[in-house]
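J.: based on what follows, work out the 3D shape:
(one chain, ligands or ions: 1)
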Amino acid sequence: MNPRRIDIYYETIEGQTAAVAQRMKARLEQAGHEVRVARCRDTKTGDIEQADIAIVGGSIHAGNHHTRVLEFARQHAALLSSKPSAFFLVCLTAHSGKPEAPGIVAGYLETFAQKTDWKPRVSKAFAGALLYTQYGFVKRKIMETINRKEGGETDVTKDHVYTDWQAVDAFADEVSTL
Ligand SMILES: Cc1cc2nc3c(=O)[nH]c(=O)nc-3n(C[C@H](O)[C@H](O)[C@H](O)COP(=O)(O)O)c2cc1C
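T.: Residues are numbered from 1 along each chain as shown. Predicted coordinates:
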């Protein structure tokens, strides 16, 4: 194994993308790589230049990518494309069993690619989390209403984490060999 310096840049609203980034960090460090996890907003061009491999992650809210992740990928598209790089997305549609769900998730990935001009070698969507106990009153109500309509989980006394951690590990393994 050739140890690499692997950076993971992300933004998160409720914390699940951060949890996915930390899981990747643990997996990659276990394999002997040097890993740095940072918010996109705290990352400078010089940081990215030092990385052998760059991973960027963000989540979907109301059908939209996190603005700071989009801006980051747009601003650094050429630098990111010049090295092995990967993008991951966290959303609840990736957990849905509805027949239209894979098309919607593919659309999220496609929109990101179109809006940024960054060409990651690997892109993947992971199921996120429904963190009812951590939402404020209004957000909890909105998410409960949506999930009642969509046939999702409506027990607001609990958090529901759908992320497939094995899939996250597999993604980290794949990216480390790019
Ligand atoms: C207000 C709100 C709106 C959301 N809208 C979408 C959406 O349009 N599509 C989707 O797939 N997931 C949606 N989600 C699910 C989030 O992507 C999911 O909870 C994810 O784990 C959030 O990641 P983060 O905590 O890193 O921001 C929404 C979640 C919330 C709280």
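J.: CA only for contacts and neighbour counts going forward, please
T.: OK.
J.: which residues touch the one helix or strand L70 maps to?
T.: According to DSSP states H and E, L70 maps onto helix 67-75. With contacts defined as C-alpha atoms under 8 Å, 6 or more residues apart in numbering, helix 67-75 is touched by 10-11, 40-41, 56-58, 80, 112, 115-118.
J.: mind listing what's buried in the lowest-mean-pLDDT helix or strand in the chain?
T.: Lowest mean confidence among the helices and strands of the chain (mean pLDDT, DSSP states H and E): helix 137-150, at a mean of 94. For helix 137-150, the neighbour count (16 or more other C-alpha atoms under 10 Å) marks R140, M143, E144 as buried.
J.: any part of the single longest strand found in the chain near the ligand?
T.: As assigned by DSSP state E, the longest strand anywhere in the chain is strand 53-61. Yes - for strand 53-61, a contact with the ligand is found by C-alpha under 6 Å from any ligand atom, at S59, I60, H61.
J.: about what we covered before: for the least confident helix or strand of the chain, list the C-alpha coordinates in PDB.
T.: Written as PDB, here are the backbone C-alpha positions of helix 137-150 (Å, rounded to 0.1, in the frame of the first residue of the first chain):
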ATOM      1  CA  PHE A 137     -40.100  22.500  15.800                       C
ATOM      2  CA  VAL A 138     -40.800  23.800  12.300                       C
ATOM      3  CA  LYS A 139     -38.300  21.500  10.600                       C
ATOM      4  CA  ARG A 140     -39.600  18.500  12.500                       C
ATOM      5  CA  LYS A 141     -43.100  19.300  11.400                       C
ATOM      6  CA  ILE A 142     -42.100  19.800   7.800                       C
ATOM      7  CA  MET A 143     -40.100  16.500   7.700                       C
ATOM      8  CA  GLU A 144     -42.900  14.600   9.500                       C
ATOM      9  CA  THR A 145     -45.500  15.900   7.000                       C
ATOM     10  CA  ILE A 146     -43.300  15.000   4.000                       C
ATOM     11  CA  ASN A 147     -42.600  11.500   5.400                       C
ATOM     12  CA  ARG A 148     -46.200  10.900   6.100                       C
ATOM     13  CA  LYS A 149     -47.100  11.800   2.500                       C
ATOM     14  CA  GLU A 150     -44.200   9.800   1.100                       C
END
